[in-house]
Each structure stands twice: as C-alpha cells, then as structure tokens.
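A.B. asks: A structural model of the following input is requested.
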Amino acid sequence: MKDDQFVMLPRHELPHEPDGSRNFNESVYTNAFDTASPVGGWMRLGNRVNEGYAELSVCLYLPDGRIACQFARPPITSNDRFDAGGLSYEVIEPLKSVSMTYSGDFIIVENPAALRDPASLFQSGQRLPGRAHWVHEAESPVHGGEPADDSVQTMYGRDFSLGHFNQHGRAKGEIRVGDQSWTIDGRGWRDHSWGPRYWQAIYFYRLFIANFPNGDGFMLLKITDRAGRVRREGVLLVDGRYEPVLDLDVSTEWTEDRDPAFVRLGVLTANRKVRIDAEILQLAPLRNRRRAGDEILLSRIAEGFTRFHWNGQRGHGMTEYIERLEDGNLAGFPL
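C.D. replies: Residues are numbered from 1 along each chain as shown. Sure, this is the predicted structure:
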C-alpha cells in the first residue's frame with residue numbers, strides 16, 4: 001500500500017456522501033493508552049445510515065484487570081456527523097487533531113470470558129455511569145486515503161472499505177468509571193474508513209498497532225482471503241516518518257480458548273529488519289453476527305490490549321484478530 005496511490009485531502013476527515021449500497025459504512029476509531037500506567041482503550045463509531053443505525057463500540061482496559069465497555073446500535077437518519085448513542089467524534093484541525101468522547105453507562109466485565117455470551121452479560125452485568133474522553137494530536141503523517149483509481153489495492157479490500165487512512169499521535173484525556181478516574185497522558189492511533197462493509201468480508205487477518213514513549217510506532221497487517229492469498233501491509237514509524245512494510249512474519253502462541261496470548265513479529269522495510277514481541281495483557285473476545293437469508297454468518301473479533309517490546313523500548317497498543325467462524329472452526333487458527 002503506497003501513499004502515492006491514494007488521495008488524501010482535508011475534506012476526507014469529514015463524513016462522505018453515502019453510496020447506494022445497503023451496507024455503506026463510515027467509521028471513525030481512536031485508541032489511547034497512558035504512558036505511566038497500564039490503562040487505556042478504544043472507541044469506534046460506524047455510521048451505517050442506509051441500514052438506519054450506527055455501530056457503537058467502547059472498550060476500556062482498567063488497571064485492575066476489569067474491562068469497562070459498551071456496545072450498541074443507536075438509530076441514525078443521516079451521515080452528516082459522528083454523534084450517536086452518547087459517543088461523539090470531532091475534527092479539531094483536519095489531519096492534525098481530533099477528539100472522541102463517550103458519556104453513558106459502562107458494562108463492567110470482571111472476567112473477559114463473559115463477553116463470549118454477550119446476551120447474558122448485557123442482561124445481568126453490572127453497570128456504572130462514566131465518561132471517556134481524549135484528544136489526539138498528530139505525531140506522524142497520514143497513511144492511506146482514497147484510491148487514486150480502480151486498479152489500486154485498498155488495505156482491507158473494497159468489500160470492507162473503499163477509503164481508509166490512519167495516523168499515530170499524542171493522546172491526552174481521562175477515563176471515569178463510577179467513582180474512579182484515570183488520566184490518559186500518552187499516545188494512540190486513529191483510523192477513518194468509508195465504503196461498503198460487512199465484517200464477514202474478512203476471512204482472517206492479524207493486526208498490530210503500537211506507540212512507544214520515544215514517538216516511534218507501527219501498524220502491521222497480515223490479511224488472508226478464502227483462496228489462501230496473503231497480503232502483508234503496514235508501516236513502521238521511525239523518527240516521525242513512515243517506512244512501508246515489505247515483509248511481515250507472525251508467530252502466535254495461543255490459550256486453551258484459542259485466543260492469542262503472545263506474538264513474535266518479524267518486519268522488513270527498505271531501511272531495517274526488526275523483531276517485535278507482543279504480550280497480550282487483557283483480551284476482549286468479541287464477535288459480529290449477520291443474517292444472510294436463512295444463514296447466520298459469524299466472525300470472531302479478538303481485541304487485545306498489548307505490551308510491545310521493540311529495540312529496547314516498551315510500548316502499548318492493540319492486537320486485533322478477526323476471522324470467520326464456521327462450524328465452530330476459526331478460519332485462521334492456529335496461524
């Protein structure tokens with residue numbers, strides 16, 4: 001994925017005119033993690049205006065091992081803003097600064113395994129009022145954009161998003177859950193996608209996102225389609241500049257529940273060869289379900305708060321494993 005194949009303008013920060021596809025999605029995502037303590041999380045709002053709702057997701061990883069989360073499908077009637085169900089996103093300065101805020105109830109998860117049965121958790125789980133807010137200030141260029149022509153390979157494929165860009169940055173804010181609060185003073189990552197999307201369009205992928213105290217970071221993606229074709233995408237952020245990934249090796253150690261626990265990464269760019277270790281500290285085992293006629297299509301979405309080690313630096317970020325689940329079989333396991 002080369003940036004000269006994409007068009008990225010300040011207007012792409014704003015909502016786009018939906019096309020006629022029923023599954024048009026426009027989503028914004030941010031994550032943020034404190035440098036001094038293991039606390040942080042991610043928020044995502046995906047407008048699916050042609051289906052009449054937004055996908056709201058908030059997932060916070062608290063220092064005591066609990067997860068505070070909320071998932072909802074609030075109704076929307078237009079795609080003119082990112083604001084639904086108590087979650088809002090604001091562009092402060094295009095390509096430079098954005099903020100994201102959630103205010104409302106959190107479901108408190110003592111044991112992440114409870115997320116495997118979300119119906120029971122939503123019915124009987126403990127709830128506390130709270131708020132999460134942070135501001136992202138860019139520390140990197142923007143990576144990606146809208147493809148310059150029809151021949152350009154998009155990051156995830158055109159059946160998952162047409163336009164897509166992402167960016168690393170400084171993150172400052174606060175998390176409040178019940179009568180407890182935590183300051184966020186660290187770094188994070190954000191992305192923005194638009195175009196037709198079904199989650200089940202992904203056969204399987206492995207995504208790794210990290211920031212380090214010295215300002216370096218990365219976004220690494222290994223994605224495989226049903227025919228076994230593999231693409232390796234992403235960038236290393238070194239001294240404020242992105243280096244495109246030329247090759248990527250991923251070796252995963254798994255739990256008995258087939259969740260990623262530890263990952264060894266090998267990355268090649270034009271300037272360097274590096275090894276990165278990823279230790280998943282807390283994992284939220286999520287899923288997405290969609291009815292297609294008489295069939296229920298199911299995808300596993302494993303969202304892991306992760307400590308990364310690279311070149312003597314320790315940083316934090318996310319490990320995300322998405323894959324189809326068919327007849328109880330995970331499409332990518334044990335790869």
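A.B. asks: in contact with the closest residue to Arg232 other than its chain neighbours, which residues?
C.D. replies: Closest residue to Arg232 apart from its sequence neighbours, by C-beta to C-beta, 6 or more residues apart in numbering: Leu248 at 4.0 Å. Glycine gets a C-beta too; all of them are placed from N, C-alpha and C. Counting by C-beta atoms under 8 Å, 6 or more residues apart in numbering, Leu248 makes contact with 220-222, 232, 234, 265-268.
A.B. asks: so what strands line up beside the helix or strand harbouring Leu248?
C.D. replies: Using DSSP states H and E, Leu248 sits within strand 247-254. Using DSSP bridges, strand 247-254 pairs in its sheet with strand 260-268 (antiparallel).
A.B. asks: next secondary structure element downstream of the strand it pairs with?
C.D. replies: strand 273-292.
A.B. asks: now do the buried residues in that next one.
C.D. replies: Residues 276, 278, 280, 282-286, 288 are the ones in strand 273-292 that count as buried (16 or more other C-beta atoms under 10 Å).
A.B. asks: tell me the helix or strand right after it.
C.D. replies: strand 295-310.
A.B. asks: so can I have CSV of the buried residues of strand 273-292 showing distance to Pro38 and pLDDT?
C.D. replies: Below are those laid out as CSV (distance: C-beta to C-beta, whole Å; pLDDT from 0 to 100):
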residue, distance to Pro38, pLDDT
Ile276, 18, 99
Ala278, 15, 99
Ile280, 12, 99
Gln282, 9, 98
Leu283, 14, 98
Ala284, 15, 99
Pro285, 19, 98
Leu286, 20, 98
Asn288, 27, 96
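A.B. asks: adding distance to Arg307, write those out as TSV.
C.D. replies: Formatted as TSV, the buried residues of strand 273-292 follow (distance: C-beta to C-beta, whole Å):
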residue	distance to Arg307
Ile276	11
Ala278	8
Ile280	8
Gln282	10
Leu283	13
Ala284	16
Pro285	19
Leu286	20
Asn288	26
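A.B. asks: pull the contacting residues for the nearest residue to Gly317 once chain neighbours are set aside.
C.D. replies: Leaving out its chain neighbours, the residue that sits closest to Gly317 by C-beta to C-beta, 6+ apart is Ala210, at 3.6 Å. Residues in contact with Ala210, defined by C-beta under 8 Å, 6+ apart, are 217-218, 276, 306, 308, 310, 315-318.
A.B. asks: swap in 7 Å and give it another go.
C.D. replies: Going by C-beta atoms under 7 Å, 6 or more residues apart in numbering, Ala210 touches 217-218, 308, 315-317.
A.B. asks: show the buried residues in the contacts of Leu248.
C.D. replies: Buried among the contacts of Leu248 (16+ other C-beta under 10 Å): 220-222, 232, 234, 265, 267-268.
A.B. asks: and the furthest pair within those residues?
C.D. replies: Distance extremes for these: the farthest pair is Leu221 and Leu268 at 14.3 Å, using C-beta to C-beta.
A.B. asks: name whatever forms a beta bridge with Phe204.
C.D. replies: Assigned bridge partners for Phe204, using DSSP bridges, are Thr224, Glu323.
A.B. asks: how about the nearest residue to Val152, chain neighbours excluded?
C.D. replies: Going by C-beta to C-beta, 6+ apart, Val152 has Gln5 as its nearest residue, at 4.6 Å.
A.B. asks: pretty sure Ser120 is in a helix, no?
C.D. replies: Yes - per DSSP: H, G, I helix; E, B strand; the rest coil, Ser120 lies within a helix segment.
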